[in-house]
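Undergrad: only the shape, not the letters, is given here:
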């Protein structure tokens, strides 16, 4: 069935360093790839997304890249800050059929001050 | 939170009892979703709805049913709760023509 794999499951970086989280997806019909941040005790919140017709998107310290041929996409956080500490989820979905979305297992990011 | 609430927020129940979780939204989202979140599995889709009375199964639908009799409410029912259904349940909603799913605060369900 459809699957999204996410690595690493845990990532610890020093404040100011960069963090990279990688995902692969199996459904070649997926055309929308959101990234969510989940803080303790809260629901996930969208931080950035990318569509299949775009290779890269950036929003301040956050960027996402997509390689459709390889079915890979990645989240890059530069100049990390302690408040970036959270669980991050990648996901893949189709723009049709109710946006049925498959999530990765999550990456717990620790940013050490 | 895009006007999405879940009730109850916490529930402890016994094996074999029926349980209903409620998701309520106030922004006229067309699509609504129920996920469960478990360590090592991320968020897994249980059921989703693309309109009133229109629902479909997700990845882990066995043991769950849903109903959507009006736009603002999406109910998830565990007909006979089992310990494997102990989890945190999240509701999400999506406006027609948009891409971003908005999540509710979650319901922590413990089945003893």
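TA: Thanks, I have the structure now. Please read all numbers here as calculations on a predicted model, not as lab measurements. Residues are numbered from 1 along each chain as shown, chains lettered A, B, ... in the order given.
Undergrad: where does chain B get nearest to chain A, which residue?
TA: Distances between chain B and chain A by C-beta to the nearest C-beta are smallest at residue B:103, namely 3.2 Å. Yep, even glycine has a C-beta here, placed from its N, CA and C like the rest.
Undergrad: got the contact list for that residue?
TA: Contacts here follow C-beta atoms under 8 Å, 6 or more residues apart in numbering or on different chains; on that basis residue B:103 touches A:36, A:43, A:44, A:45, B:1, B:4, B:90, B:91, B:92.
Undergrad: flag whichever of these scores worst on pLDDT.
TA: Among the contacts of residue B:103, residue B:1 carries the weakest pLDDT, at 56.
Undergrad: that older thread, beta partners of the residue of chain B closest to chain A?
TA: residue B:92 (DSSP bridges).
Undergrad: quick check: it vs residue A:57, distance?
TA: To residue A:57, residue B:103 is 21 Å away according to C-beta to C-beta, to the nearest Å.
Undergrad: next one: residue B:28
TA: 28 Å.
Undergrad: give me the neighbour count for whatever residue of chain A ends up closest to chain B.
TA: Closest residue of chain A to chain B, C-beta to the nearest C-beta: residue A:43 (3.2 Å). The tally of other residues near residue A:43 (other C-beta atoms under 10 Å in any protein chain shown) stands at 23.
Undergrad: and if you look at residue A:18?
TA: For residue A:18, the neighbour count with other C-beta under 10 Å is 11.
Undergrad: if you skip the residues just before and after it, what's nearest to it?
TA: Leaving aside its chain neighbours, residue A:18 sits nearest to residue A:78 (5.0 Å; criterion: C-beta to C-beta, 6 or more residues apart in numbering or on different chains).
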